[in-house]
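> Let me see the structure of the following:
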Amino acid sequence: MLKTRVVTAVVLLAVLLPVLYFNNFMAFALVATVFFGAAIWECFRLFNPGTQNAHIIALVWTVAFAAAVVTGRLDVSIWAALSLALWIARFTPSLKIGLPELHTPSNTLLSLVYGFAIVGCFAAIVDLFSHSPWYLLSVMAIVWIADIGAYFAGKAFGKRKLAPSISPGKSWEGAIGGGIAVLVIASLTVVFGGPAFADTFAVRVQQAFGWVGLVPVLVLMSAASVVGDLFESQLKRRAQMKDSSNLLPGHGGVLDRIDALIPVLPLAALIGARL
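Take a look at the predicted model:
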């Protein structure tokens, strides 16, 4: 399993790093569109286990997304705002009230709504990359740091379960530890990062809003990453699926890798628009 994970990671890096390094927007848009299509395909499989039409639905959504990117009609402000509203009004409450039953109209509607949230995520990815690859990575790093910090804090101090019926391994202590890790590392980049970190998300937020603005933004983004992770775990548990797919051998599916990013990236795009 470890060998498979490493091989997959190396292949992904071999594809992504040159695109990021050379800052080629069309090449990045192509890669993002491929991953978008995979995420949409996995989305409809999770909502409708056993469906034979997920690939057709994903193709239609992917063509529409690609056309919007190429023509410049992918309005990130609209999609990001819609995504944020959906997370507040529907996805986050579902962690408490649950999901509709499979094969019901409510479930079909929710699958479409989650598809819109995925569009918002990838619209934000394209928008943040257009600012700079380093800027996009700095936003993603917030989620990665929160996840790593939560893992180690949970292992060391975890006692109170965060959502035992959804993801028994997660704890309140782990979530808080992940948030603290984000605050510490982001603060270090602001204070000691120098010119190398001048165009990162945390530094730009601190310059625009000060520490009083940076801290709640980072806390909110850390919390949003946990919600995104839990929501996908809820979908997989209901569908009785361990991973969203096996597209990335050793890593699961695309949604397994971006679930925590889906609510965070649109939020970062909306905040970034005000910097």
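> just the strands in this protein please.
Assigned by DSSP state E, the chain shows strands spanning 161-163, 167-171.
> Format the ones you listed as JSON lines; extra columns: mean neighbour count and mean pLDDT.
C-betas here are computed from N, CA, C, even on glycine. Supplementary listing: these in JSON lines, determined by neighbours: other C-beta atoms under 10 Å; pLDDT from 0 to 100:
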{"stretch": "strand 161-163", "mean neighbour count": "19", "mean pLDDT": "96"}
{"stretch": "strand 167-171", "mean neighbour count": "18", "mean pLDDT": "94"}
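> Relative to R237, which of those is closest?
strand 167-171 (8.1 Å; C-beta to C-beta).
> circling back: looking at the strands of the chain, which is nearest to Y21?
strand 167-171 (34.9 Å).
> which other helices and strands contact that closest one?
Applying 3 or more C-beta pairs under 8 Å, 6 or more residues apart in numbering; DSSP states H and E, one finds that strand 167-171 contacts helix 133-157, strand 161-163, helix 201-239.
> picking up where we left off before, how about TSV for the strands of the chain, with distance to N48 added?
Putting the strands of the chain into TSV (distance: least, C-beta to C-beta, whole Å) gives the following:
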stretch	distance to N48
strand 161-163	24
strand 167-171	22
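> hang on, the earlier thing: can you list the helices and strands packed on strand 167-171 in JSON lines and add distance to L110?
Output for the helices and strands packed on strand 167-171, formatted as JSON lines (distance: least, C-beta to C-beta, whole Å):
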{"stretch": "helix 133-157", "distance to L110": "23"}
{"stretch": "strand 161-163", "distance to L110": "18"}
{"stretch": "helix 201-239", "distance to L110": "10"}
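> out of these, nearest to Y114?
Y114 lies closest, by C-beta to C-beta, to one member of the helices and strands packed on strand 167-171: helix 201-239, at 8.1 Å.
> and that closest one, what other elements does it pack with?
Helix 201-239 sits against helix 25-47, helix 92-97, helix 133-157, strand 161-163, strand 167-171, helix 172-192, helix 261-272, with contacts defined as 3+ C-beta pairs under 8 Å, 6+ apart.
> residues of it that come out buried?
201-206, 209, 214-215, 217-218, 221-236, 238-239 (16 or more other C-beta atoms under 10 Å).
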